[in-house]
Each structure stands twice: as structure tokens, then as C-alpha cells.
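S.K.: next input, structure requested:
(chains A and B)
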2 protein chains.
Amino acid sequence: MIDRVFILGTGLLGTSVGLALRAAGFRGSIAGWNRSPEQAQTALRMGALDTVASDPLEAARMADVVLLAVPILATLDWMEKLAPILGPDQLVTDVGSTKREIAAAASRLFNQPGRAAFLPGHPMAGKEKGGASLADVNLFRGAMWLLTPAQGAKGTGAMGTGFSPYDKSSENPGALAPEGTSRRASELIADWRHLVARLGAKVLDLDPARHDELVAWVSHLPQFVSTAMSALLEDQVGNAPELKDIGGRALREMTRLGASPYSMWRDIAMTNTEAIDAVLHALEQRLAHLRENLRTPGLRDEFERANRFRRE
Amino acid sequence: MIDRVFILGTGLLGTSVGLALRAAGFRGSIAGWNRSPEQAQTALRMGALDTVASDPLEAARMADVVLLAVPILATLDWMEKLAPILGPDQLVTDVGSTKREIAAAASRLFNQPGRAAFLPGHPMAGKEKGGASLADVNLFRGAMWLLTPAQGAKGTGAMGTGFSPYDKSSENPGALAPEGTSRRASELIADWRHLVARLGAKVLDLDPARHDELVAWVSHLPQFVSTAMSALLEDQVGNAPELKDIGGRALREMTRLGASPYSMWRDIAMTNTEAIDAVLHALEQRLAHLRENLRTPGLRDEFERANRFRRE
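M.R.: Now for the predicted structure:
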């Protein structure tokens, strides 16, 4: 059903989606555009795109599905630009790492009579460095691809129930189109869900607020801790790089995300400030607790609790 | 020169040393003993040992080199037991993760006329789970093997100079025997240093106090942060294990060390309390700083500093 995909933003994620769509047997056309034209040319050379669009608004108008693969604040900007010029038989989706503000914009600008459908998405995949040249056809294999469909969507009984198990309604994806979605757009939504699964990802539907709270724990916490630890160590041992060798694998792993770019995480911090504040504060308290129990049986309790988390 | 090695403690590290010695072409005998006899039998079956000793004190008396590969407090206990029964032509070394208390015990109990030599050691290698069956012939390949020879050792100009570069005097290892070491024990020290290098490890000499401060930053900090994060997440999302999938590789890496056993880390916390307290406190403050700057340019500074740490 989907014939024409337009990838707006051909960085690591956008280019990887293009490569993975082709590898999964998608036979439609894939156009792409990037603010930096070299990135789009790289994506084209890698085979992620058929064409590089010269005018992103025109390319969006021609597409069945527009994939916004740019940082969060840029995604919100493009949503404002695209909403008035797209029609009800089109679908827009995105890959932004926080979903509350994007879902709110989707309800305000899309998902209503005469407007295109918008399905907020968040593939839990990436690398600590970006750019088309690092794109990977297998980036989404085995990864979760979170979706936060419109609040009024049908068949969303499993959403908003806290840390819920996988939403069984994903098995009947057509049922998840928001009220007022055109028949054609409903089909595009169902087809996009199938395509995402064919990329090797596991689809999970979540309420947007719950999504943002959950990713604060399992994604934003690891990032900010790795950044804090890397920055601290840069001050402490940064002038003696050979001593990093002493830390070995443990140190490398715990600071790998220290290489992540501010440009991407600024938008995440901006749009999920409260939840990130809460998880960082919780870890500060946990570290203080551990520190105060370095010579007490409380240390055993913490190690045993940590062991349980890692038990398969 | 070294003909008989006795490995006291055939867990992950002790057994890996046995395997690596053999792979490196060591032709002498390797005896082993473990508090749990099954572990020693496993090490024997894996080829890390020629014989399992029935009496560890007797086996120590027969050895040129005794390698203590047990937790730190047990190492200190064995040092008390071995010092009076070994002779000046023998060498004892260890693999303990903190070195100040062990180096102090070495000065008190060994490294004096009529007593065996003691060379405190710390291979920066391991796994988050222990046991002979996980032993790895390549465990030390590319890893640092830290040594903290006796304070009065000759040729130690590079020690105690803070985060110093590799100690060039390691190239002339015979010079590093403590005053009063017998000629035979000096040769054993030089030979052991050569053997360690043949296991693929990079030898670095450090002052014991400096060692403990340094590993608090690059080894103990990653461990305790991973434990705190794992324990916190166990409380938050432990009841919904499928949601761990959402975190993906970043979460797995940042919590891998959460599986580390209390039994080992209790001794490290006990013997390096002050330094670990200091690094954890520094990270708490750094996290609070990051948290207070989620929406300010201060966030950019921290990401850029972290990026510098990860730059090769």
C-alpha cells in the first residue's frame, strides 16, 4: 500500500531506515532530504534513497509516508510547516526520543478531519555518533520500536497502564488509527507498522507521558550518567590518556555514551526535563546510600538487588 | 628460572593465569589449590594446573612463586600464614584489587632478611562473574598488570608522581627488587615480570597509595555506579523484565557490572573506603550539576567535556 516514502533527515537513523526498508524488500520509491546536502548524497550513494529531493515541502506533498528523522525541536518545527500542506490520505511519523510534546503537536496539527495522520514513533536504536556514513542496515534488528498513537485511538486498552507488557493490540494494527482518520491513512498506518516489524524491530504501543517517564529510566539515565562520569574523569585523568587503559572494558563501556552529541541530547533534556531531573536525583540518593554503607551489610543488600536486575 | 608455580585460589583469575602461563610456553610445574575442591578440579581439567595440592602450606613451601589469587581479606590472611614458613629464595605475589593494605603487610611480613620476597600485583582484568569454568587464556591480553613493589625498591623514580606515564624502569625489572632481597628472589621477581609480559599484559609500576586512588576513579567508580543504577532500576522496572529491552545496548552496558558479586567487592570497599567515598561523592555532585543545568548552556559544557574524554 505504501508506494512513496520520503525521509526528511538522512542522518544515522533516517539513512538506516532507508537501507533497512530496501533490505526488507520494500519496492516503493524512497526520497530523502537533509539540511546538509552531503549527508543526503551519502545516503543516496549507500543505497538508502532513490532520489535526493531538492524541495522538502514538495517531496512531502508527493509522499504516502513522511518520516521525520531529525532532532526533536526540528521535528516540532517541521510538523508546523507540513500540517497545512499535507492531505488526509497521507501519514507522517517520526523517530524522536521524547514523545509527549510531539504527541501533543500531532493532536493539535494532525489527526483531524482534512489533515494528514501522524503516528509518533521512537526506535530504541542508535549509536553514540551520528551521520549517514554510520548508518547500519541491521540497526533495528531486535530493537524495540515504540509508538505513541493518538489518545483517542481505538484498541489501545493496554496503554497507560504503567509498565505494561507488550500491547497485544499491535497484532491488529489497523484498529489503532485515530478517530476521523481516512480509510487510506488507516491503511498506511497498518502498512507502516508491518514495515517496521519487517525491519526486525519489536513494536510496542505506549501512552506518550508513560513513554517519556519510562525512557527517562532506561535510556536517558544511562546517557546522563555516562556523560557525568566521562566529564568527571576528563577533569581527573584526562591529562594522562594512557591511564584510561587501566580501567579496561568496564571503563570503556561505562563512558562510551560520553561521546554522544550535545545537539541531540539538548532537545531531549528540553522536552523531558522533569522526568530526567527525577531519575538523576534518585540516582544521586542511591549513590549516597551506597557510599554511607561501604562498610556495612547495607552494601550486600545493594549488590544483591543489582544482581537480581541482571538475572535473566 | 621459575620452575614451580603454586596458584593459591583457582577461581577466574587464578585459573586464567595457569592457562595463560601454559599458552605462553611456561614449562615448569603449576600446582593449584582452592578452598572449594571442585574449583581446583575444574582448573585441573581445563589444563591450568598439573596437580591439585592437598595441603596449601606444603605446596607453598615447595614453590618458587606463590600466586595468591583470592579476595583481598583472604590474601591478607594467607600472607600471615605463609610469611613464617617460606624462605628468602621464594617469591609471593597476588592479584588483589587494592594494594595499600597488602603492600603494608608485605613490608611487615615479607621483604626482609630471612623472609620471602613479596611483589604486590593487580591485573586489570576480570569478568562480572567468577569461577574457574569462566577462565580465559586470553584474559590478560592487552590488559594492564599493575605492580606496587616495596617502597624501598631501587629504580622506582617514576613511582608516586601522580598520574605518571608508564614506568620506564619496568624495562629493567631486575632493578626493582627491594633492598635485602636474596639474589635468587631478585631473579624470580625479574622472571615473573617477564612472564606477566608474555601473558600479553602491560606492566605498570605504581606507588600503592596512588594505585588505590587511581583505581577508585577508573575501576571502582564504574562498578559502584553500575551497582547503584542496577539496584535502582530493579526497584523501578524489575517487575517488568520485558521493558529492559527498551533500554537496549546502552542499558545493558551500563548495568553489566551489576552482576558482580558482593563477596569480592566487600573486600575492595573495606580496604579502599576513603577513596571510593570521595569518587562517589564527586559523581553525586556532578550529577546534581548536570541536573541543575538541563535547560542551560551548562549542559553543553558537560557534553563537550565528556566528548573530550572519549576522543582517542
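S.K.: residue A:42 and residue A:52 touch, don't they?
M.R.: No. Applying CB atoms under 8 Å, one finds residue A:42 not in contact with residue A:52, separated by 10.1 Å. C-beta coordinates here come from the backbone N, C-alpha and C atoms, glycine included.
S.K.: which of the two has more neighbours?
M.R.: residue A:42 (21 against 17; other CB atoms under 10 Å in any protein chain shown).
S.K.: how about residue A:85, phi and psi?
M.R.: Backbone torsions for residue A:85, taken as degrees, to the nearest 10, come to phi -100, psi -10.
S.K.: show me where the stretch 1-150 of chain A has its strands.
M.R.: Here the stretch 1-150 of chain A has its strands, by DSSP state E, counting those that start in this stretch, at A:4-8, A:29-33, A:51-52, A:65-68, A:91-94, A:117-119, A:121-123, A:144-147.
S.K.: go on, the stretch 201-312 of chain A?
M.R.: Assigned by DSSP E, counting those that start in this stretch, the stretch 201-312 of chain A shows strands spanning A:202-205.
S.K.: avg pLDDT for stretch A:191-209?
M.R.: The pLDDT scores in stretch A:191-209 average 96.
S.K.: pretty sure residue A:300 is touching residue B:262, no?
M.R.: Yes. Applying CB under 8 Å as the test, residue A:300 and residue B:262 come out as touching, 4.9 Å apart.
S.K.: right, and residue A:78 touches residue A:67 too?
M.R.: No. With contact defined as CB under 8 Å, residue A:78 does not reach residue A:67; the gap is 10.9 Å.
S.K.: comparing the two, which residue is more hemmed in?
M.R.: The neighbour comparison of residue A:78 against residue A:67 (other CB under 10 Å) goes to residue A:67, with 25 against 20.
S.K.: do you know how far the more buried one is from residue A:143?
M.R.: Residue A:67 sits 16 Å away from residue A:143, going by CB to CB, to the nearest Å.
S.K.: quickly list what the closest residue to residue A:37 other than its chain neighbours is bridged to.
M.R.: Counting by CB to CB, 6 or more residues apart in numbering or on different chains, residue A:37 lies nearest to residue A:52, which is 7.4 Å off, once chain neighbours are set aside. Legend: beta-bridge partners of residue A:52 under DSSP bridges are residue A:32.
S.K.: and what of residue A:118?
M.R.: Residues in beta-bridge contact with residue A:118 (DSSP bridges): residue A:92.
S.K.: so it makes contact with residue A:79?
M.R.: Yes. Judged on CB under 8 Å, residue A:118 makes contact with residue A:79 at a distance of 7.4 Å.
S.K.: give me the buried positions along stretch A:202-218.
M.R.: A:202-208, A:210-218 (16 or more other CB atoms under 10 Å in any protein chain shown).
S.K.: can you narrow those down to the ones near chain B?
M.R.: Filtering the buried residues of stretch A:202-218 for neighbours of chain B using CB under 8 Å from any CB of the partner chain leaves A:202, A:204, A:214, A:215, A:217, A:218.
S.K.: among those residues, which pair sits farthest apart?
M.R.: Greatest spacing in those, by CB to CB: A:202 and A:217 (18.4 Å).
S.K.: which residues of the stretch 51-200 of chain A score low on pLDDT?
M.R.: Applying pLDDT under 70 to the stretch 51-200 of chain A flags residues A:151-176.
S.K.: what ranges does it have for its helices?
M.R.: A:56-62, A:72-82, A:100-109, A:183-198 (DSSP state H, counting those that start in this stretch).
S.K.: tell me which of those helices lies nearest to residue A:268.
M.R.: helix A:72-82 (6.6 Å).
S.K.: pretty sure residue A:306 is in contact with residue B:227, am I right?
M.R.: Yes. Using CB under 8 Å, residue A:306 is in contact with residue B:227, at 4.5 Å.
S.K.: overlap in contacts of those two?
M.R.: Both residue A:306 and residue B:227 are contacted by B:258, B:260, under the criterion CB atoms under 8 Å, 6 or more residues apart in numbering or on different chains.
S.K.: that older thread, any shared contact partners between residue A:78 and residue A:67?
M.R.: residue A:8.
S.K.: next, count neighbours for residue A:295.
M.R.: 12.
S.K.: what residues does it make contact with?
M.R.: Per CB under 8 Å, 6+ apart, neighbours of residue A:295: B:269, B:270, B:273.
S.K.: how far away is the spatially closest residue to the first one that is not a sequence neighbour from residue A:187?
M.R.: Excluding its sequence neighbours, the residue lying closest to residue B:269 (CB to CB, 6+ apart) is residue A:294, at 4.4 Å. Between residue A:294 and residue A:187 the distance, using CB to CB, works out to 60 Å.
S.K.: who touches residue A:75 in this structure?
M.R.: Residue A:75 touches A:68, A:94, A:96, A:102, counting by CB under 8 Å, 6+ apart.
S.K.: still on that earlier bit, I'd say the residue nearest to residue A:37 and residue A:32 touch.
M.R.: Yes. Residue A:52 lies in contact with residue A:32 (CB under 8 Å); the separation is 5.9 Å.
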